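**Q** Build me a model from this:
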Amino acid sequence: MSYVEVPGAKVPIRMWTDPSTVEGVAMQQLRNVATLPWIKGLAVMPDVHYGKGATVGSVIAMRGAVCPAAVGVDIGCGMSAVRTSLTANDLPGDLSRLRSRIEQAIPVGRGMHADPVDPGRVYGFPEAGFGDLWSRFDYVADAVKFRRERATKQMGTLGAGNHFVEFCLDESGAVWLMLHSGSRNIGKELADYHIGEAQKLPHNQGLIDRDLAVFVADTPQMAAYRNDLFWAQEYAKYNRAIMMGLFQEVVRKEFRKARVTFEPVISCHHNYVAEERYEGMDLLVTRKGAIRAGSGDFGIIPGSMGTGSYIVKGLGNEKSFNSASHGAGRKMSRNAAKKRFSTRDLEEQTRGVECRKDSGVVDEIPGAYKPIEKVIDQQRDLVEVVAKLKQVICVKG
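**A** From the prediction side, this is the model:
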């Protein structure tokens with residue numbers, strides 16, 4: 001489908017989904033965002049749902065301002081995927097050992113590495129290591145400085161919630177490795193700190209929603225936020241790169257005889273800010289639960305833990321600010337999913353996938369998410385499908 005335009009106070013709301021299917025609280029959030037004085041455009045992806053301040057699945061373009069809640073609290077959260085030389089014929093009948101090896105290599109949930117990962121020992125990691133990431137940490141907000149040791153040990157860890165590591169097959173039988181994570185707790189703490197700082201500023205008093213507080217250009221508060229934001233985005237990028245290297249090393253060892261090779265890794269943020277130019281204006285574009293889909297840009301749009309995912313290529317649609325959805329999107333809250341579904345439902349909906357099937361992940365059940373095929377179909381003018389993947393192993397936090 002192309003987009004549907006809904007009137008907004010300052011800008012029209014362009015929606016790549018049927019507005020009547022969007023939950024009322026999410027629709028109100030979109031209308032709230034459209035009232036912000038600095039806004040120049042608002043695009044809504046088909047995976048849209050309620051979030052903190054701004055909906056997940058929204059792309060907000062502002063001039064001279066940025067809203068931390070429109071980035072998301074997991075700054076830099078995103079996806080990585082790589083096609084391997086393995087095929088379905090190389091896989092053993094029992095995948096539990098491989099899942100166990102992945103879980104041993106990549107800490108999940110609140111877990112962290114006993115010692116910080118040495119990037120020089122990680123397969124495929126850039127020789128430059130983390131660059132100046134850790135020297136730049138000296139200049140982030142004082143409120144998180146004491147978290148340095150934990151942040152270094154969490155580098156290369158998965159986290160919990162909807163984050164995952166997956167072993168997938170495409171329709172030709174080729175094996176792909178895929179993972180989803182962000183800036184771990186350090187990114188969340190930076191986001192929470194700056195949202196709080198923005199809410200104190202005079203220009204944000206009287207906003208329709210205090211969670212939509214913004215920083216404006218040419219102020220020390222904006223400079224401090226952008227410094228910390230871009231640092232956290234880099235942390236998230238390196239976090240995924242470390243995990244992907246650890247994942248590749250597991251696969252190389254487990255399939256030693258196959259001499260596994262890997263194509264270039266595809267990686268994309270879906271909670272971030274970018275400086276982009278549209279209609280002759282330099283804008284700050286926040287993508288919260290959305291990926292960049294400029295012409296030729298590769299992206300990853302995952303479904304739930306029992307369905308499948310898509311590798312896509314952007315079509316460069318400027319009406320969406322060169323964006324597309326970041327996944328299937330939830331159709332019910334975590335609490336609602338826990339009340340609605342049982343572990344038996346989880347077992348049924350993840351049949352054929354080697355994964356956790358206990359009460360701790362019922363809130364991630366496929367039934368709590370929108371159908372990924374429909375979400376893809378609603379954005380045919382934003383992306384083209386390159387590959388469809390189906391997971392055979394899913395590691396959750």
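**Q** Which SSE is immediately downstream of the helix ranked longest in the chain?
**A** Identified as the longest helix of the chain according to DSSP state H is helix 220-254. Next along the chain after helix 220-254, taking DSSP states H and E as the criterion, comes strand 266-269.
**Q** Buried ones in the next helix or strand after that following strand, by neighbour count?
**A** Sequence order places strand 271-278 as the next helix or strand after strand 266-269, per DSSP H and E. Across strand 271-278, burial judged by 16 or more other CB atoms under 10 Å covers 271-274, 276, 278. C-beta here means a position set from N, CA and C on the backbone, and glycine is covered the same way.
**Q** follow-up on the earlier one: in the longest helix of the chain, what's buried?
**A** 222, 224-226, 228-229, 231-252, 254.
**Q** And the pLDDT at residue 1?
**A** Listed pLDDT for residue 1 reads 58.
**Q** wait, I meant residue 264
**A** pLDDT, read off for residue 264, is 96.
**Q** now swap in residue 268 and tell me
**A** In this prediction residue 268 is given a pLDDT of 96.
**Q** Please verify my assumption that it contacts residue 302.
**A** No - contact status for residue 268 versus residue 302: not in contact, 11.1 Å apart, counting by CB atoms under 8 Å.
**Q** what touches both of these two?
**A** Common neighbours of residue 268 and residue 302, using CB atoms under 8 Å, 6 or more residues apart in numbering, are residue 79.
**Q** Could you list the low-pLDDT ranges of this protein?
**A** Along the chain, the model assigns pLDDT under 70 to residues 1.
**Q** got the contact list for the residue most central in space within it?
**A** Nearest residue to the geometric centre of the chain (CA atoms, centre = their mean): residue 78, 3.2 Å. By CB under 8 Å, 6+ apart, the contact set of residue 78 is 180-182, 236-237, 240, 267-272, 291.
**Q** do residue 2 as well
**A** Shown in contact with residue 2 (CB under 8 Å, 6+ apart): 16, 381.
**Q** helix/strand/coil for it?
**A** Three-state assignment for residue 2 (DSSP: H, G, I helix; E, B strand; the rest coil): coil.
**Q** Format the buried residues of strand 271-278 as CSV; extra columns: distance to residue 168.
**A** Converted to CSV, the buried residues of strand 271-278 look like this (distance: CB to CB, whole Å):
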residue, distance to residue 168
271, 22
272, 24
273, 30
274, 28
276, 31
278, 35
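**Q** Give me the neighbour count for residue 118.
**A** Residues lying near residue 118 (other CB atoms under 10 Å) number 10.
**Q** cool, the one 10 residues further on as well?
**A** Per other CB under 10 Å, the neighbour tally for residue 128 reads 8.
**Q** What helix or strand is it located in?
**A** Assigned by DSSP H and E, residue 128 belongs to no helix or strand.
**Q** Okay, angle between the host helix or strand of residue 81 and helix 220-254 too, please.
**A** Assigned by DSSP H and E, residue 81 belongs to strand 78-87. When axes from the mean of the first three to the mean of the last three CA atoms, to 10 degrees is applied, the directions of strand 78-87 and helix 220-254 differ by 20 degrees.
**Q** Give the buried residues for strand 78-87.
**A** Buried-residue list, strand 78-87, by 16+ other CB under 10 Å: 78-84, 86.
**Q** just stretch 128-146 next, same as before
**A** Of all the residues in stretch 128-146, those buried under the rule 16+ other CB under 10 Å are 130, 134, 136-137, 140-141, 144.
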